[in-house]
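[1] what shape does this take:
(chains A and B)
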Amino acid sequence: MIDIKLLREDIGFCENNLKKRGFCLDVKTFEDLDSLRKKVQKKTEDLQSEKNKLSKDFGLLKKEGKSTDKLSKKIDDIKNQLSQVEKELSNIQFKLSNMLMEIPNLVSDDTPDGKDEFANKVIREHSKPKVLKSKSHLELTSEISLELGNKLSGSRFSVLSGSIAKLHRTISAFMIDEAIKAGYKEFYVPYIVNYDALEGTGQLPKFEEDLFKLENDQYLIPTAEVPLTNLHREKIISSDELPIKMTAHTPCFRSEAGSYGRDTNGLIRLHQFDKVEIVQIVEPAKSDQALEDILNHAESLLKKLDLPYRVVQLCAGDLGFSSYKTYDLEVWMPNQEKYREISSCSNFLDFQARRSKIRSKDQNSSTFLHTLNGSALAVGRTLIAIIENCFDEKSNKILIPECLKSYFGDDQIII
RNA sequence: GGAGAGAUGGCAGAGUGGUCGAAUGCGCUGCCUUGGAAAGGCAGUAUACGGGCAACCGUAUCCGGGGUUCGAAUCCCCGUCUCUCCGCCA
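    Next comes the predicted model:
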């Protein structure tokens, strides 16, 4: 969440900044609520102080065997007042924290203006596509079945088999190894997390409908960002442990509510997909550089896979709730004749750290650290990109990218 | 799933109704001592919020929530988690 002190000191700045992403900050409600909070809090604490003092006196009188009747009445009176004021205070604080939890992160100065993905800014194009147009991955191989996915679960699920299932596994293995080589520590994490974890990274309370909810306030993870970042929740991290670099390969579960009819053809948008995620926790001064590092790492994978891609910077309106600045990597998808997102690399500044209390301490003051993450990469979309970009029409083969050959154990898949 | 034990500061651990934000030890920081270091001595060392220019003051927090009481780390109820034993199991 945003620093409440910043809201108090310069709410105009926050209002204008958030406007860029299309968020309308309710300044009046915030200011009214906060000043009411201050007033009621002061009153509550004064009454508590009075009560504490009188209770001590009461004890003394009792010890001396003196009458406590008069005092009893006074204390009763204060307790009555207190119970009312306390109720009021907790009510206000509840509202205030709800409001705070639903305010998105500020937007970086260099984020382009715009209200949707069409305003995203292309930073660079890495290489021209070699295959401009192809059949869809569904047509190219029979080893991807949406029908079976549907049979087992419902729409937006898939079953992979044979060489394609192996290639899928191979891709994750390659990516996780690359992350480890780049200094990220591998984790195996739960795929089910609790409310606090999701609140910590910003998915809750606002985006519950995007998640698969289980019983007991537990949810399937929408990304490994959630468990990885939350490994350090409520921790004070000493500066010699920084930067913290973590990676995990997990399935991701998304309800895709509100995306009916979009990307229904193939593996592009499923309820369950695999992803290798990288997460960094860094000192505030170093997060700009860390974002570039994460982006570079994700790009290095696409380069090694020899897939055509471009780097775009998300415009303010397309930026995720928690993000301050985001680069997307978009890979060329020949069948769609479009670049499609395959990685998203974001700097959250201290937005997540403040929610999840990830701090470091120097001298006497503690500071919230900065968190960042990036996909490196989405496995299913990489699989499609390889099938469609590396398909050789003449020989009717998928030519396995050089870097995967040793993992895959072969250099081609015959269709 | 059944039975029992437990959860206290960075860590270990005392505390069973009042002056307890909490003994003691370790760790950490500063100072003294020293040619320098070790050892030793002294002092300091939780977090959040509110008030104040500041010194400082107030409030809350001993797993979470509720209750009893003038007063709760301490008593009662509910929940969560951990450990031990039994059962089951990859």
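
[2] ranges for the helices of the stretch 201-350 of chain A?
    Applying DSSP state H, counting those that start in this stretch to the stretch 201-350 of chain A gives helices spanning A:225-230, A:287-305.

[3] buried deepest among those, which one?
    Among the helices of the stretch 201-350 of chain A, helix A:225-230 has the highest mean neighbour count (mean count of other Cβ atoms under 10 Å), at a mean of 27. Just so you know, the C-beta spots here come from the backbone N, C-alpha and C atoms, and that holds for glycine as well.

[4] for the lengthiest helix in chain A, packing partners?
    Ranked by residue count and defined by DSSP state H, the top helix of chain A is helix A:27-64. Packing partners of helix A:27-64 (3 or more Cβ pairs under 8 Å, 6 or more residues apart in numbering; DSSP states H and E): helix A:4-9, helix A:11-19, helix A:69-101.

[5] gap between that helix and the chain center?
    On the basis of Cα atoms, centre = their mean, to the nearest Å, helix A:27-64 is displaced by 39 Å from the centre of the chain it belongs to.

[6] for that helix, which positions count as buried?
    Applying a neighbour-count criterion of 16 or more other Cβ atoms under 10 Å, one finds A:Phe30, A:Leu33, A:Asp34, A:Arg37, A:Val40, A:Lys43, A:Thr44, A:Leu47, A:Lys51, A:Leu54, A:Leu61 buried in helix A:27-64.

[7] mean confidence for it?
    Averaging pLDDT along helix A:27-64 gives 88.

[8] any residue of that helix touching RNA strand B?
    Yes. Interface with RNA strand B: helix A:27-64 contributes A:38, A:41-42, A:44-46, A:48-49, A:51-56, A:58-59, A:62-63 (Cβ under 7 Å from any atom of the strand).

[9] just to check, A:Thr44 is in contact with A:Ser90?
    No. Using Cβ atoms under 8 Å, A:Thr44 is not in contact with A:Ser90, being 9.4 Å away.

[10] circling back to that earlier point, now do the longest helix of chain A against helix A:11-19, angle only.
    130 degrees (axes from the mean of the first three to the mean of the last three Cα atoms, to 10 degrees).

[11] of the helices and strands packed on helix A:27-64, which is nearest A:Glu388?
    Judged by Cβ to Cβ, the one of the helices and strands packed on helix A:27-64 that comes nearest to A:Glu388 is helix A:11-19, at 39.2 Å.

[12] and that closest one, which residues are buried?
    By neighbour count on 16+ other Cβ under 10 Å, the buried set for helix A:11-19 is A:Cys14, A:Glu15, A:Asn17, A:Leu18.

[13] quick one: which of the residues you listed is nearest RNA strand B?
    Checking those against RNA strand B by Cβ to the nearest atom of the strand gives A:Cys14 as the nearest, at 16.0 Å.

[14] ok, the closest residue to RNA strand B within the stretch 101-250 of chain A - contacts?
    Proximity of the stretch 101-250 of chain A to RNA strand B (Cβ to the nearest atom of the strand) peaks at A:Ile236, 6.5 Å away. The neighbours of A:Ile236, taking Cβ atoms under 8 Å, 6 or more residues apart in numbering as the test, are A:Arg359, A:Ser360, A:Lys361, A:Ser366.

[15] who wins on neighbours among the residues you listed?
    A:Ser360 (21 neighbours; other Cβ atoms under 10 Å).

[16] could you find the closest non-adjacent residue to that one?
    Leaving aside its sequence neighbours, A:Ser360 sits nearest to A:Ile237 (Cβ to Cβ, 6 or more residues apart in numbering; 4.9 Å).

[17] and that neighbour, what is it in contact with?
    A:Ile237 is in contact with A:Ile244, A:Ile281, A:Ile358, A:Arg359, A:Ser360, A:Leu369, counting by Cβ under 8 Å, 6+ apart.

[18] can you list which of these are found in strands?
    Applying DSSP state E to the contacts of A:Ile237, the entries found in strands are A:Ile244, A:Ile281, A:Ile358, A:Arg359, A:Ser360.

[19] list the contacts for A:Leu198?
    A:Leu204, A:Leu211, A:Tyr219, A:Val226.

[20] list the contacts of the last one.
    Yep, that's A:Val226 we're talking about. A:Val193, A:Ala197, A:Leu198, A:Gly200, A:Thr201, A:Gln203.

[21] how does it look with 10 Å?
    By Cβ atoms under 10 Å, 6 or more residues apart in numbering, A:Val226 lies in contact with A:189-191, A:193, A:197-198, A:200-204, A:211, A:219-220, A:250, A:252, A:277, A:279, A:352, A:373.

[22] before I go, just wanted to say thanks for your time.
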